[in-house]
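Peer 1: how would this look folded up:
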Amino acid sequence: MSRRNILRLSAKQVAIFTARVAHDRIGDMQAVLFDMDGTLVDSEKLWDISLTALYQHHGGRLTPEVRLSMVGGSAEDTIRTVYTDLGLELDPAAMAESDRWLHSRTAELFDGGLPWCDGARELLEALAAEGTPMALVTNTQRALTDRALNSIGHQYFSATVCGDEVPRGKPAPDAYKRAAKLLDLSPELCLAIEDSVTGTAAAEGAGCPVLVVPNDVAVPRGPRRRHISSLADVGVADLRRVFGELSSEFGERTA
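Peer 2: Numbers count the residues shown, from 1 in each chain. Below is the predicted model of the structure:
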């Protein structure tokens, strides 16, 4: 519609037209924000190895229940969980040393290569081919993330945000808000892809609709999220469809 024709409309008609344009923009996926561990690469199994070794160093045993509670958590929360579970004093210096040891051991494992989650690499390639901006949003610290990106590929992402680069890691929304800002977009225009409870909460808290691909831990359902079992055979059109449905449904609920 031309500007001349808009000027001939009544104020009510202009308001309706403007609302429709805004709705169309909201329903159009502008970027995809990916979690890393458990979403793109099955690195949680490598964390299992290093965490088990840390427990053994302190004379303890990592139980499946406690390990599951750590999935998607920040480095600080993980070490706090380890020390609390082992009954160790929460001494900041000792915890910092354990954190350094854990990340050093995990980095060695990462350097051996990271296994892709089903369909993840193909989806990155498809998004890159059509020029859709992507960001990596992870609770993993920068030094270790960069080691992981040597396997995943730095070239896919216009921005990367790590847990030690924001005031609060997931489940706080800080990392997702920062990623959207780096892409010069509103979070509402970005589809987040997550595998964990904490990551999904972080993305939702920032305002992103979320595609949930659970890995090791069940993620509750919600109005601002869709669940699928795997990224295998998921294409860009599927992402746009999910994004449009979530944006439309959320808009109807808040209208």
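Peer 1: what about the strands in the stretch 101-250 of the chain?
Peer 2: 134-137, 159-161, 190-194, 210-212, 225-227 (DSSP state E, counting those that start in this stretch).
Peer 1: and the contacts of the fourth one?
Peer 2: Contacts of strand 210-212 with the rest of the structure, by C-beta atoms under 8 Å, 6 or more residues apart in numbering, involve 191-195, 200, 203-204, 219, 224-228, 239, 242, 246. Where you see a C-beta, it was placed from the backbone N, CA and C, and this is true even at glycine.
Peer 1: that one pairs with which strands?
Peer 2: Applying DSSP bridges to the sheet, strand 210-212 is found paired with strand 190-194 (parallel), strand 225-227 (parallel).
Peer 1: hey, what's V137 bridged with?
Peer 2: V161.
Peer 1: do I have it right that it meets D174?
Peer 2: No: using C-beta atoms under 8 Å, V137 is not in contact with D174, being 10.0 Å away.
Peer 1: follow-up on the earlier one: tell me which of the strands of the stretch 101-250 of the chain is the most buried.
Peer 2: Mean neighbour count (mean count of other C-beta atoms under 10 Å) peaks for strand 190-194 among the strands of the stretch 101-250 of the chain, with a mean of 28.
Peer 1: for this structure, which residues score under the pLDDT cut-off?
Peer 2: Scanning the chain for pLDDT under 70 picks out 1-27, 250-255.
Peer 1: about what we covered before: overlap in contacts, V137 and D174.
Peer 2: A202.
Peer 1: what segments of this protein are helices?
Peer 2: 3-8, 11-26, 44-57, 64-70, 75-86, 92-111, 120-129, 142-152, 174-182, 197-206, 236-254 (DSSP state H).
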